[in-house]
Every structure is written in structure tokens, then in C-alpha cells.
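Asks: only the shape, not the letters, is given here:
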């Protein structure tokens with residue numbers, strides 16, 4: 001079992017930057033594939049970025065590629081730059097023990113979720 005706690009969300013203007021953090025406790029953190037998802041009001045939860053156990057493989061949604069960077073060390077981070085109003089959402093950290101791939105983009109393949117942190121980008 002692992003507990004995930006996100007932080008770093010907030011209100012930022014268009015073009016600004018934010019860094020989200022996801023702290024994990026419990027089972028060995030390096031055992032998990034980690035990812036960030038987001039959910040905007042009235043929309044389904046969507047994949048944003050994922051990182052493999054070794055941090056050697058990262059994947060990004062097309063909408064954020066080139067603007068967001070996922071990394072991991074003692075926690076998982078999402079550096080968000082050139083933010084747009086359409087990035088406004090609740091951002092969730094997720095962890096997967098599934099051994100079948102390096103990174104997953106599908107939410108059902110993740111076993112544990114944080115409570116989410118709100119990111120609001122004003123125009």
C-alpha cells in the first residue's frame with residue numbers, strides 16, 4: 001500500500017509556471033510506475049504524464065508535450081510551464097504496480113491515487 005499526497009497547485013496567469021509535487025509513503029516508492037492525470041469540470045480524467053520506475057522512460061499527452069516535465073526522486077514532480085487556461089483542472093498523482101509496461105496512460109491501470117490539487121490558469 002502507498003499513500004500519495006499532492007501539493008503545489010494554485011492560481012497562475014497564462015504563460016506562468018507551477019511545480020507540482022507528489023509525496024509517497026508506504027511501500028518502496030521505486031516499485032511504482034508514477035503518473036499525473038487531470039480532470040477539468042465536466043470532463044473525464046485524462047493522462048498528463050508518466051514516468052517509469054527507473055525514471056528512464058517518460059510519456060506525455062500531446063496537449064502538454066514540450067511544456068510539462070515529469071521527474072522523480074524522493075517524490076514525483078510535474079514542472080508546468082507556459083500554462084494555458086485549458087490546463088485548469090484538478091491534478092492527481094497515481095501509482096501503479098502493474099509489471100507489464102514501463103509507463104501506462106490508462107487510469108484503470110493505476111492502483112493508488114492522491115486526493116488531487118487544484119491548478120487554475122487565468123486568462
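Replies: Perfect, I can see it now. The structure displayed is predicted, hence computed values, not measured ones.
Asks: tell me the secondary structure at the closest residue to residue 114 other than its chain neighbours.
Replies: With Cβ to Cβ, 6 or more residues apart in numbering as the criterion, residue 114 has its nearest non-adjacent residue at 3.7 Å, and that residue is residue 4. (Each C-beta comes from the backbone N, C-alpha and C, glycine too.) Of the three states, residue 4 takes strand under DSSP: H, G, I helix; E, B strand; the rest coil.
Asks: residue 4: neighbour count?
Replies: Using other Cβ atoms under 10 Å, the number of residues around residue 4 comes to 23.
Asks: then residue 91?
Replies: Using other Cβ under 10 Å, residue 91 has 23 other residues around it.
Asks: centroid-nearest residue for this protein?
Replies: For the chain, the residue nearest the mean C-alpha position is residue 36 (1.7 Å; Cα atoms, centre = their mean).
Asks: what residues are bridge-paired with the residue nearest to residue 114?
Replies: For residue 4, the beta-bridge partners are residue 24 (DSSP bridges).
Asks: do you know how far it is from residue 90?
Replies: 14 Å (Cβ to Cβ, to the nearest Å).
Asks: show me the strands in this protein, by range?
Replies: Per DSSP state E, the chain carries strands over the ranges 2-7, 10-13, 18-26, 33-39, 46-51, 58-60, 68-72, 75-80, 89-96, 112-113, 117-122.
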